[in-house]
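coords below, sequence missing:
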């Protein structure tokens, strides 16, 4: 009985889903591998800028980034890979977005007065997706705030800042490992749960009460509509 209780401790281990990044100075590694301190976007707030922001002019501003091997990228527009797409609030940003960029792209004052940009961010644990809000005035292009999805491989909607609130209905479930590579989900309703490995790959999707066999032992993330839970499978 004590062993079963220990397993239940993995249930409800909440992970922050959407995190705010930093707009400011940090270390950016250019295309030649040379570090420099510049102004840009630091999504995971580690002092390393994933995206460098130029300050050329209001009508000709650039984002520069390292894009090789499926790395950082900016969601591109129909005008071509070197133009960032001006996204509206609620636009999904994820694996199916347009990631044809090749190291830089332009943003300028011909875009709306307020819009969102989509980003693909390569961090140590895999690929993440995020957004930035931009305001444009007659004299300046202002970077307002940036957020990214904390779970690798998971899409994010432009403008979504997440929520720490959990409704009573959402809290009525438990998730735990039962042995034999199995994750058990006990839920009072038929809500959807998606299971991801640490590379961000969706390995299973289920509804309500389910026992799901994982391909391997290890750590998995089980996500429903507003929460994510870490489970160690043995």
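Yep, it's here. Please read these numbers as outputs of a predicted model, since none were measured by experiment.

tally of neighbours for the closest residue to residue 40 other than its chain neighbours?
Nearest non-adjacent residue to residue 40, counting by Cβ to Cβ, 6 or more residues apart in numbering: residue 49, 3.7 Å away. C-beta here means a position set from N, CA and C on the backbone, and glycine is covered the same way. Neighbourhood size, residue 49 [other Cβ atoms under 10 Å]: 26.

Ok, residue 223 next?
Neighbour tally, residue 223, other Cβ under 10 Å: 18.

didn't it look like it was pressed against residue 194?
Yes. Using Cβ atoms under 8 Å, residue 223 is in contact with residue 194, at 5.1 Å.

ok, what's across the strand from residue 27?
Beta-bridge pairing for residue 27 (DSSP bridges): residue 37, residue 48.

Any idea how many residues pack against it?
Residues near residue 27, counting by other Cβ under 10 Å: 14.

Low-confidence ranges, the chain, go.
Applying pLDDT under 70 to the chain flags the ranges 1-16, 28-33, 35-37, 55-60, 69, 108-110, 137-140, 163-171, 225-226, 228.

what about the residue nearest the centre of the chain, distance to residue 73?
Centroid-nearest residue in the chain: residue 149, 2.4 Å away (criterion: Cα atoms, centre = their mean). Counting by Cβ to Cβ, to the nearest Å, the gap from residue 149 to residue 73 is 15 Å.

go on, residue 18?
Applying Cβ to Cβ to residue 18 and residue 73 gives a distance of 19 Å.

between the two, who's got more neighbours?
residue 73 (26 against 18).

Quick check: that one touching residue 65?
Yes. Contact criterion Cβ under 8 Å: residue 73 and residue 65 qualify, at 7.0 Å.
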